[in-house]
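Participant: Please find the sequence and the predicted model below.
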Amino acid sequence: MNTVRALHSTSVPPWAWIVLGAVTATALDLAFAAIYWETLHRVSPATIMQAIAAYWGWGREAYAGGATTAALGAGLFLARMLVLAAIYHAAARRFAVLIERPYTCGALFGLAIYLSNKYIVVPLIGAMPQTATADKDLAWMFSCILAHMLLVGIPLALFSRMASRDE
């Protein structure tokens, strides 16, 4: 609590809040995926990050790249999250409700991210075929929806709110 109060008493550039929000949402989302897949399917966190690299154009070769392609996947994921954080903040500058109601609007933004990922982004960029497990696993689908709402959308909204206070 004192750390947050100290940060509020100093001038933090708005872009720093946006970056911190993207880093936080990335860490939370990757941690969620790692815990879920490791616990239920014995898939390592490195493999999850390699899968991200595979989807973003490296194909099946990403799985043979070891730590390098795992780091690439994490970096690509962070880059995407930076774009999403910037989009939310740009919209929040125009529509005050996004700042005034960060929990509701952030959760809805997270849901929109999930839906756009599932039905637009992954089909357009996916170099890998959809797996039967991920496509038909209702627990995974509902967990992803909640994770995107709670671990991605809301943190991005809250950090955008912090950025707007320093503008």
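Facilitator: Okay, I see it.

Participant: CA only for contacts and neighbour counts going forward, please
Facilitator: Fine.

Participant: so where is the chain shaky, pLDDT-wise?
Facilitator: Applying pLDDT under 70 to the chain picks out residues 1-10, 126-136.

Participant: Tell me the helix or strand right after the helix or strand harbouring residue 46.
Facilitator: Here residue 46 sits within helix 45-53, counting by DSSP states H and E. Note on helix 45-53: by DSSP H and E, the next helix or strand toward the C-terminus is helix 66-94.

Participant: if we look at whatever helix or strand comes next after that following helix, which residues are touching it?
Facilitator: Note on helix 66-94: by DSSP H and E, the next helix or strand toward the C-terminus is helix 97-100. For helix 97-100, contacts defined as Cα atoms under 8 Å, 6 or more residues apart in numbering pick out 91, 92, 105, 106, 157, 158, 160, 161, 164.

Participant: residues touching the fifth one, list them.
Facilitator: Residue 157 makes contacts with 88, 89, 98, 99, 102, 103, 105, 106, as judged by Cα under 8 Å, 6+ apart.

Participant: How about the fifth one, nearest residue that isn't a chain neighbour?
Facilitator: Nearest non-adjacent residue to residue 102, counting by Cα to Cα, 6 or more residues apart in numbering: residue 157, 5.1 Å away.

Participant: Equivalent analysis for residue 73, please.
Facilitator: Nearest to residue 73 is residue 53, by Cα to Cα, 6+ apart, at 4.3 Å.
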